[in-house]
Structures are given as C-alpha cells and as structure tokens.
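**Q** Sequence plus the predicted model coming up.
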Amino acid sequence: MAHSRITAEELEDLRLSYDILSSVSFRALGPKERTDDPPEGFVAIYEPAVQQGLHLPMHPFFDEVLKDWNLAPFQITPNSWGHMVASYLLWVIAEARGNLTPKEFESIY
C-alpha cells in the first residue's frame, strides 16, 4: 500500500496557496492509513478539489450537499466541486431568494 509522501512544509505551502485558515488541521496519512478510512475527526481532501474552489473550513452549502448525498469530500470529483462552486456563486450573483438547497442544486446539476 502506498502512503503519503507529502511533508509538513508542503502541507503548509498548500495552506498558504489556498488561504486555508490555521484553525483547519492538516496532516499527512500514515503508512497504514487510507483516504477512504481517515482517522477519527479528519476527512480526506484532494488538492484538485481545492483548485476547483472548495475552501476550508467548508461553506455550509457544500456541507449540506454532502450530507444530503451521504458523501465525504474526497468522494466528489474535482469537476463536480467546480460545478457546485459555480452553481452556488451564480445563485448568489443572481440574488435569488433564500439559500440554494441541495435539492435545487440537483435540479440545475
């Protein structure tokens, strides 16, 4: 089984590159840990998802969608993150009434 080769310095570079708050804990997986079974209190996030607009801490809209779909953040493809972010931003720009709900997102996705 391959394990993470990322260093603490590289994790800090990612934090700075994507403006991730210091209150969000980062750590690389250990040799016997897997992304599909992260340690208690952690979730796996892939860098391409952050490149597509996922921010940490996660916006409540994205948290609601993941809970509604019963998925973890690493189970969403980078393109899907891009679609969710774009949909939410377009909704906000259009000044639609109320917040975008997971069901409304599904209907436009």
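**A** Done, it's in. Computed from a predicted model, the values in this text were never measured in an experiment.
**Q** elements contacting the helix or strand encompassing E106?
**A** Here E106 sits within helix 102-108, counting by DSSP states H and E. For helix 102-108, the packing partners by 3 or more C-beta pairs under 8 Å, 6 or more residues apart in numbering; DSSP states H and E come out as helix 60-69, helix 78-93. Glycine gets a C-beta too; all of them are placed from N, C-alpha and C.
**Q** Check the average confidence over the first one, would you?
**A** Mean pLDDT, helix 60-69: 89.
**Q** what angle sits between that helix and helix 78-93?
**A** Interaxial angle, helix 60-69 versus helix 78-93 (axes from the mean of the first three to the mean of the last three C-alpha atoms, to 10 degrees): 130 degrees.
**Q** Tell me the buried residues in helix 60-69?
**A** Across helix 60-69, burial judged by 16 or more other C-beta atoms under 10 Å covers F61, F62, E64, V65, L66.
**Q** closest to V50 among the residues you listed?
**A** Nearest to V50 out of the buried residues of helix 60-69 is F62 (C-beta to C-beta; 12.1 Å).
**Q** Thought M84 was touching the closest one, still the case?
**A** Yes. Between F62 and M84 a contact is recorded at 6.2 Å, counting by C-beta atoms under 8 Å.
**Q** Quick check: V24 vs V43, distance?
**A** Distance, V24 to V43, by C-beta to C-beta, to the nearest Å: 11 Å.
**Q** I'd like to know how many residues surround F105.
**A** By the criterion of other C-beta atoms under 10 Å, F105 has 20 neighbours.
**Q** List the residues that contact the residue lying closest to N79 once chain neighbours are set aside.
**A** Spatial nearest neighbour of N79, excluding adjacent residues (C-beta to C-beta, 6 or more residues apart in numbering): Q52 at 7.2 Å. Q52 makes contacts with P78, N79, W81, G82, V85, as judged by C-beta atoms under 8 Å, 6 or more residues apart in numbering.
**Q** Check these for burial and list the buried ones.
**A** P78, W81, G82, V85.
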